[in-house]
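> got a sequence here, can you build the structure:
(one chain, ligands or ions: 1)
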Amino acid sequence: MVCRGRWPLALGTIVVLITAAACSPERGAGHGADAVPATQPEPKLIHPAFNFVEEDFAALLDGMPQQIAAAIGEDPHGFLARVLDVLDESSDLTVLVDKEHPLAEEYRPTDLVDLDTLSDELVLSRPGHRLRREATEALLEMSASAASEGITLMVSSAYRSYEYQQTVYARWVDELGAATADRVSAQPGMSQHQLGTAVDFGCICRAFADQPAGRWMLANSHRYGYSLSYPEGHEEVTGYLYEPWHFRYIGRAAAALEQEYFDGLQHYLLTFLHTHRGLLEASRP
Ligand SMILES: [Zn+2]
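Next up is the predicted model:
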């Protein structure tokens with residue numbers, strides 16, 4: 001659930017900033033009847049790269065869970081510095097895809113890499129996996145790093161076309177009925193796998209969370225731009241059951257922003273960017 005209007009630390013920061021602005025030395029000196037009228041203090045920008053003053057910034061945090069709004073409110077300048085890095089990365093890496101924001105049937109990445117060509121460097125469950133170029137480069141680096149610590153990251157699923165999703169979803173509906181199928185499988189267009197940046201690792205099972213590869217991924221994947229999409233205890237928000245094996249490449253800057261300010265919760269980061277990217281872009285001087 002989203003908690004509205006509960007961000008005391010954010011408010012605290014804003015009050016401090018407003019107070020600082022009010023005490024600015026730029027106030028006109030009123031001496032006598034012919035004194036020049038007091039000039040308004042310049043609005044204080046939170047970060048020089050954005051035209052945000054305090055009120056605009058507060059609106060960005062509206063609707064965020066309390067702990068996330070509090071973390072951001074404690075350090076709005078640092079937050080916007082991280083956001084700036086994300087805006088410099090490709091926006092399609094952080095596109096929001098869920099049950100309310102499906103991809104078009106026509107959406108098909110144009111830079112898919114056939115992972116079979118990298119079978120010397122990657123561990124693959126079967127032939128035929130494909131992944132977008134940038135996600136592949138990060139995967140290679142991540143796999144090498146894991147291997148150096150004795151951890152094997154096996155790629156079990158990557159890009160899935162819209163047509164493939166149709167087939168899989170129809171099979172689940174046959175087996176479980178539509179209501180249950182929706183909890184375990186994405187309807188066509190609603191899967192991050194269509195982006196070509198999501199990877200399922202290992203057994204694609206709950207046990208992965210407690211296996212060395214699962215623990216390693218949870219602790220380290222963000223350093224390579226990967227992020228756990230469906231964490232435990234957040235089914236209501238993400239729309240999907242806990243999937244400790246499913247990671248999405250969102251770029252290193254976005255993964256860092258998610259770790260530092262969004263409590264490692266990809267859904268809130270992607271929702272934030274989905275809602276405010278236009279405003280953030282327009283606010284750059
Ligand atoms: Zn998956």
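> residue 181: neighbouring residues, count only.
For residue 181, the neighbour count with other Cβ atoms under 10 Å is 19. Every C-beta, even on glycine, is put in place using the N, C-alpha and C of the backbone.
> chain center to the helix or strand encompassing it: distance?
Element membership of residue 181 [criterion: DSSP states H and E] is helix 178-184. When C-alpha coordinates are averaged (Cα atoms, centre = their mean, to the nearest Å), helix 178-184 and its chain have centres 25 Å apart.
> buried ones in it?
Buried residues in helix 178-184, counted by 16 or more other Cβ atoms under 10 Å: 181-182.
> helices or strands up against that helix?
helix 162-176 (3 or more Cβ pairs under 8 Å, 6 or more residues apart in numbering; DSSP states H and E).
> per-residue confidence averaged over the helix it packs on?
Regarding helix 162-176, the rounded mean pLDDT is 93.
> which of the three states applies to residue 104?
coil (DSSP: H, G, I helix; E, B strand; the rest coil).
> around it, how many other residues sit close by?
Neighbour number of residue 104 under other Cβ under 10 Å is 9.
> measure stretch 128-137 end to end?
17 Å (Cα to Cα, to the nearest Å).
> anything in it near the ion?
No - Stretch 128-137 lies apart from the ion when judged by Cβ under 5 Å from the ion; the minimum separation is 12.1 Å.
> which residues are contacting that stretch?
Identification of contacts with stretch 128-137 by Cβ atoms under 8 Å, 6 or more residues apart in numbering yields 90, 93, 109, 111-116, 118, 139, 155, 157-159, 195-197, 199, 225, 249, 251.
> need the buried ones from these selected in PyMOL.
To isolate in PyMOL the members of the contacts of stretch 128-137 that are buried, counting by 16+ other Cβ under 10 Å, one can use:
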select buried, resi 93+109+112+113+115+118+139+155+157+158+159+195+196+197+199+225+249+251
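> got the residues of the protein near the ion?
So the chain meets the ion at 200, 246 (Cβ under 5 Å from the ion).
> tell me the domain ranges of the chain?
1-25+42-89+261-285, 93-250 (automatic domain parsing).
> any idea which of these scores lowest on pLDDT?
Taking the mean pLDDT of these, domain 1-25+42-89+261-285 comes last: a mean of 77.
> need the phi and psi values for the closest residue to residue 80 other than its chain neighbours.
The shortest distance from residue 80 to any non-neighbouring residue, by Cβ to Cβ, 6 or more residues apart in numbering, is to residue 47 (3.8 Å). In terms of degrees, to the nearest 10, the main-chain angles of residue 47 are phi -140, psi 130.
> for stretch 56-64, buried residues please.
57-58, 60-61, 64.
> run the chain-centre distance for that stretch.
On Cα atoms, centre = their mean, the centre of stretch 56-64 falls 17 Å from that of its chain.
> strands of the stretch 51-200 of the chain, start to end?
112-114, 123-124, 130-132, 154-157, 198-201 (DSSP state E, counting those that start in this stretch).
> can you name the residue of this structure nearest to the ion?
residue 246 (3.6 Å; Cβ to the ion).
> so what's the residue count around that residue?
22.
> report the beta-bridge partner residues of it.
residue 200 (DSSP bridges).
> I'd say it and residue 229 touch.
Yes - under the criterion of Cβ atoms under 8 Å, residue 246 makes contact with residue 229 at 5.2 Å.
> show me what contacts the closest residue to residue 149 other than its chain neighbours?
Nearest in space to residue 149, with sequence neighbours left out and distances taken as Cβ to Cβ, 6+ apart, is residue 216 at 7.0 Å. Residue 216 is in contact with 146, 149, 151, 153, counting by Cβ under 8 Å, 6+ apart.
> could you check how far the first one is from residue 204?
Shown here: residue 146 relative to residue 204, a distance of 18 Å by Cβ to Cβ, to the nearest Å.
> of these two, which one has the most company?
Neighbours per residue, other Cβ under 10 Å: of residue 146 and residue 204, the larger number sits with residue 146, 20 against 14.
> isn't that one right up against residue 215?
No - assessed by Cβ under 8 Å, residue 146 is found out of contact with residue 215, at 10.8 Å.
> which residues in the stretch 51-200 of the chain form helices?
With helices called from DSSP state H, counting those that start in this stretch, the stretch 51-200 of the chain shows them at 54-60, 66-74, 76-87, 133-148, 162-176, 178-184.
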